[in-house]
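>>> sequence? don't have it. structure:
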């Protein structure tokens, strides 16, 4: 492993959570659970096969809480079980709240082993390094993890279904170019780790013969954004990629709009809905990345997803629910072609799996990683959206593209 990649990986540990949160589009709070595994089996047909246990590890509390993650997995289980389960056995979803705590994260790993799960799905955790070694030893794969720690990017047990900070950074720079920006600056959180944003954004800009104009780091809770906005706009900047936490993102964008109403803005942030609400009409025109279909981009896939979610009793479909739903569907698809529905069989099958189509995103493969130079990122695809005057997202372009090359996916 090269020193360059090690530096990149270290950078991802702290800022991955920021971009992971920005990739979701919902910040509502569902009830959380403790580290005691809980199961959910939704069946509408009689299933006589061996139950297929899948665990969801999530963060019920903390700075980047994702309490909605189990809901997507339960929705997928409800749909699968209504259609015959996996190899005739019911899908059971076990939940484990890592609580943004290293010890609890390790406990979740041990619980997955003791419960005999076939996979862990959907985690978004800076403490992934605590449970990955436990799961690796037991050969229990982690599928649909949102990359937020070094382990997500390096472990042979890691099978994310989209690229997190890697593709988001590249896409947020690329979409500014597509909207006509000629000089792009970055305004991001003041952590050495956040230099990763510039690394991946810069890689995307190479194909348009551009480089990052200014990389402005902003302390958390900065009381006055005027100086930072002025720095970002130096040298004729006409596009700014914003990677800041909730209130800081709001304050920066307000000041940026006041200073230069015509500058193009792409953004990812924690609590995105709250930021949009706080900005009001100043949110109009902000560009974002998306990694799953919505109702407009694929009505058929969205209808299937929402039908399953409703069957499980859920009425909210956004946030990280889509990711955990899709992750369970990936596990089911791969297991159907495996000799048996076990963790060992899944562990052997995933590295050979290609053309896995679960509807909500382009067909996946896990045979070749290396997107953005990161070994365990397999999917370079994403879409672009733009906020309208009412704070709603409008699709841009014709669908998914490779966020580093611009080629259709």
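Received the coordinates, thanks. What you see is a predicted model, and the numbers here were worked out from it, not measured in a lab.
>>> and residue 51, how many neighbours?
Neighbourhood size, residue 51 [other C-beta atoms under 10 Å]: 17. No exception for glycine: its C-beta is placed from N, CA and C like everyone else's.
>>> likewise the one 4 residues further on?
Other residues near residue 55 come to 32 when the count uses other C-beta under 10 Å.
>>> pretty sure it is touching residue 109, no?
No. Between residue 55 and residue 109 there is no contact under C-beta atoms under 8 Å: 9.4 Å.
>>> in this structure, which helix or strand is least confident?
helix 3-23 (a mean of 48; mean pLDDT, DSSP states H and E).
>>> what strand or helix carries the nearest residue to residue 97 once chain neighbours are set aside?
Leaving out its chain neighbours, the residue that sits closest to residue 97 by C-beta to C-beta, 6 or more residues apart in numbering is residue 60, at 4.0 Å. Of the helices and strands defined by DSSP states H and E, none includes residue 60.
>>> list the contacts of the nearest residue to residue 163 once chain neighbours are set aside.
In this structure, residue 163 finds its nearest non-sequential neighbour in residue 377, 4.6 Å apart by C-beta to C-beta, 6+ apart. Contacts here follow C-beta atoms under 8 Å, 6 or more residues apart in numbering; on that basis residue 377 touches 147, 153, 160, 163-164, 166-167, 369-371.
>>> if you count neighbours, what's buried in the helix or strand containing residue 398?
Here residue 398 sits within strand 393-402, counting by DSSP H and E. For strand 393-402, the neighbour count (16 or more other C-beta atoms under 10 Å) marks 393, 395, 400-402 as buried.
>>> and the residues you listed as TSV, adding pLDDT and distance to residue 102?
Output for the buried residues of strand 393-402, formatted as TSV (pLDDT from 0 to 100; distance: C-beta to C-beta, whole Å):
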residue	pLDDT	distance to residue 102
393	90	35
395	94	40
400	96	36
401	95	37
402	95	35
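>>> can you redo these as a markdown table with distance to residue 260?
As requested, the buried residues of strand 393-402 are exported to a markdown table (distance: C-beta to C-beta, whole Å):
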| residue | distance to residue 260 |
| --- | --- |
| 393 | 23 |
| 395 | 26 |
| 400 | 31 |
| 401 | 28 |
| 402 | 31 |
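>>> out of those, which one sits closest to residue 116?
The nearest member of the buried residues of strand 393-402 to residue 116, counting by C-beta to C-beta, is residue 400 at 35.9 Å.
>>> can I assume that closest one is in contact with residue 379?
No. Using C-beta under 8 Å, residue 400 is not in contact with residue 379, being 9.5 Å away.
>>> who touches both of the two?
In contact with both residue 400 and residue 379: 361-362, using C-beta under 8 Å, 6+ apart.
>>> how about the helices in this structure?
With helices called from DSSP state H, the chain shows them at 3-23, 69-82, 102-115, 128-138, 150-154, 165-178, 195-205, 226-233, 246-259, 272-279, 299-311, 321-336, 343-349.
>>> I'd like the mean pLDDT over stretch 250-258, please.
Averaged over stretch 250-258, pLDDT sits at 95.
>>> could you do stretch 80-91 as well?
Summarised as a single mean, pLDDT over stretch 80-91 is 96.
>>> can you check stretch 149-160 too?
Mean predicted confidence for stretch 149-160 is 93.
>>> return the member of the helices of the chain having the minimum mean pLDDT.
Of all these, helix 3-23 has the smallest average pLDDT, which comes to a mean of 48.
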